Structure formats: C-alpha cells, structure tokens
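Chemist: Based on what follows, work out the 3D shape:
(chains A, B, C and D)
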Number of protein chains: 2
Amino acid sequence: MVGGGDLNETGDPLEEFDPSAYRLEDQAGFILRQASQRHAAIFAEGIGDGLTPTRFAALAKLFELGALSQNELGRQTAMDGATIKGVVDRLRARALVRTRPDPSDGRRHLVELTRKGREIAARAIPAAALITEKTLEPLSARERETFLELLRRLG
Amino acid sequence: MVGGGDLNETGDPLEEFDPSAYRLEDQAGFILRQASQRHAAIFAEGIGDGLTPTRFAALAKLFELGALSQNELGRQTAMDGATIKGVVDRLRARALVRTRPDPSDGRRHLVELTRKGREIAARAIPAAALITEKTLEPLSARERETFLELLRRLG
DNA sequence: CGAAATTCATTCGCATGCTAATGGTTTCCG
DNA sequence: CGGAAACCATTAGCATGCGAATGAATTTCG
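Modeler: Model (predicted):
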C-alpha cells in the first residue's frame, strides 16, 4: 500500500505518507510521459508529409474503413469531438480529406480520403510500422509482447 | 485494392509491407496515447488544488531539491525550456513559486517554492502516490514491476 | 586575453487535448 | 404522435508540448 511499515495513531494512509519517500522518476505517469516524448520524436523523424500522430491515425482509419462521420472517426482514433475536429480541419486544409453531409443523417458530416490522402496514407502506413519497430527497439521480441499486453490493460 | 495478393517470399518487411495488415490498435504509440489519456483523467480527478501533471512535477522537484534554475527544473521534470517557462509562469501566477536572479550567474533565474507552494506540494505528493496506485490498478504487483521496468527502457 | 562555443531565458508558431456550453437533428419510447 | 433523451458538430477557453530563432551571459580553449 502507500505508507511504510511504521505505526501511527490515526491509521490514515494519507497522513502517514512520507513525502521524502516519493520519487517522481518512479511514477507511472512520469515515465509514461517520457516514453511518449521519445515515441513522438521517433514519429516526427520517420513519418514525413507533415503528418503528426493524430493526423496519421485519422488517415489510417479512413484508409482502413472508408468514409466515417467525424465523431465516429474520433472514436476510432481515441479523440474527443473537439480534438478530432481540429485534426480534420487541418487535414482538409491540406486536401488529404474532404467532408460532405451524410445523406441519411442531417447531423453528420462524412469524412473521406481524397486521392492525395489515399496516396499519402499508403506511404505513411509502412513508415508507421517502422516507427513502432524503432520505438520498441530497446525491448526483445518477447518483452515487446509483454509490454504491449500490459500497456493495453492500462489504456 | 491495395495490398494485392502477392506473397512475401523474402521476409523483408521494408519492401513488401502490406498496408492492410496494419492495425492502428496494435501500435505502441497509439496504445501509449490511450494509456496516457487514462492516467491524465485519473490524475485530474485525484490531485486537487488546480494542479496538472507538469505543474505537480515541478512542485515535487522543487520540494525535493530546493531552489533550481528554470532550465534545471525543466531537465529534472523532462520539459524543454519553452514548456517549463509556461509552467513556472502559471505557478507564479498562483503564488506557489517565486523567482529571483541567481547571484552567481546572470543568465539564470532561480525558482523556489513559496510557503503556500510548500504546503500544497506536501499535500499533493501523497495524492500523487495514490494516483500512481490507481493508474496501475489493472496490473498485479508483479506485473507492475515488469511494466515499469520495460516502460523505463523506452523513456 | 579574447574569440568561439555553450548555456539560459524568452518568444513565436503550430498542434494536441480536455471541459463545458450551444444549437440542430435524430432516435427512443410512453 | 410527440416530448424526452441521445447524438452530432461547433465554439471558446485553458494548458501542454515542441522546434526554431533571438539576445544576453558565461564557459571553454587556443
């Protein structure tokens, strides 16, 4: 649990916790942030075409699934409505996607790849596979399996 | 269609990669982002005092190490100069830290906790320990060890 | 000593990422 | 049918987070 083995009068773990025993470097969130930073750097270096992790995720999902409503695309890529909107706007500004109203649902805007978007996605997906490879490079094949399985359970 | 039906005879993943075999959900970066999102939500819910992960990291390091120059604080908390500046500015606006020129180096601005900052840090550190606990809750004690060790190697 | 290299803080631009609020549309169900 | 509930897209505001550029101060080294 949280506190050490020492006794106290209240039994409240918050009050017996010794702040000097806390090491930022050992906290899951802190290490997670550093691993994300390293991955982001590898990604930026390897992907090309002005893509970012979220922009790429959107392209990859549209490539796989075809036209999707904006919110559905957000769900597929783990982004909320406010975030996916900005991503789609920027992809549209680069003419990698276009949007059109969903004829069967007046609330929805369908998002789909343009020809250029499809070409870039087809090129970026193999690059992204290499980026995953490079990110996991410090681990053995067996460790990668273990790591991804544990990470998935936290996600 | 994209991948075609050709088989991969050489086993060279670089030249024969089939985009349709790519699964975004299995990529380290994508899962990492989701785990970070979950941790951020747990953090926001548990920390209080208007703290954020980066703000808390800065407080915790100042609490541990005393006055530091801004850049040094950034290194201790894995933030670059541009990022730590914004964090320090916002902590200063809330009177949790103050800055003063380093008498021995005219380039540096020393950052240190105020009394209020020290109080809030002392309260936040035990809360952060519980947040780490909750983040890792889906894993057994043994799995946590493994996970953190592998994650550290990627950071 | 003094020029070059480094360090430090700052600023700008761009891109995430979240919450909350809003208004329009569709679906659900009594 | 018709109102409540749910869903969709958008906007505003706040906070990260990074690269690149700038100018001042310090350190390094020939």
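Chemist: now the helices for chain A?
Modeler: Per DSSP state H, chain A carries helices over the ranges A:13-16, A:28-47, A:53-65, A:70-76, A:81-93, A:115-135, A:141-154.
Chemist: got the ones you listed as a markdown table, with mean pLDDT, distance to DNA strand C and mean neighbour count columns?
Modeler: Placement of C-beta: from N, CA and C, glycine included. Listed next are the helices of chain A as a markdown table, based on pLDDT from 0 to 100; distance: least, C-beta to the nearest atom of the strand, whole Å; neighbours: other C-beta atoms under 10 Å in any protein chain shown:
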| stretch | mean pLDDT | distance to DNA strand C | mean neighbour count |
| --- | --- | --- | --- |
| helix A:13-16 | 54 | 25 | 14 |
| helix A:28-47 | 93 | 8 | 18 |
| helix A:53-65 | 96 | 4 | 22 |
| helix A:70-76 | 95 | 8 | 19 |
| helix A:81-93 | 94 | 3 | 16 |
| helix A:115-135 | 94 | 13 | 19 |
| helix A:141-154 | 95 | 14 | 16 |
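Chemist: Serialize those to JSON lines and add fields for distance to chain B.
Modeler: Below are these laid out as JSON lines (distance: least, C-beta to the nearest C-beta, whole Å):
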{"stretch": "helix A:13-16", "distance to chain B": "5"}
{"stretch": "helix A:28-47", "distance to chain B": "4"}
{"stretch": "helix A:53-65", "distance to chain B": "5"}
{"stretch": "helix A:70-76", "distance to chain B": "8"}
{"stretch": "helix A:81-93", "distance to chain B": "10"}
{"stretch": "helix A:115-135", "distance to chain B": "4"}
{"stretch": "helix A:141-154", "distance to chain B": "4"}
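Chemist: Look through chain A and state the residue closest to DNA strand D.
Modeler: Among the residues of chain A, A:Asn71 lies closest to DNA strand D, at 2.9 Å counting by C-beta to the nearest atom of the strand.
Chemist: so that residue touches A:Gly81, yeah?
Modeler: Yes. At 5.8 Å, A:Asn71 and A:Gly81 qualify as touching, with contact defined as C-beta atoms under 8 Å.
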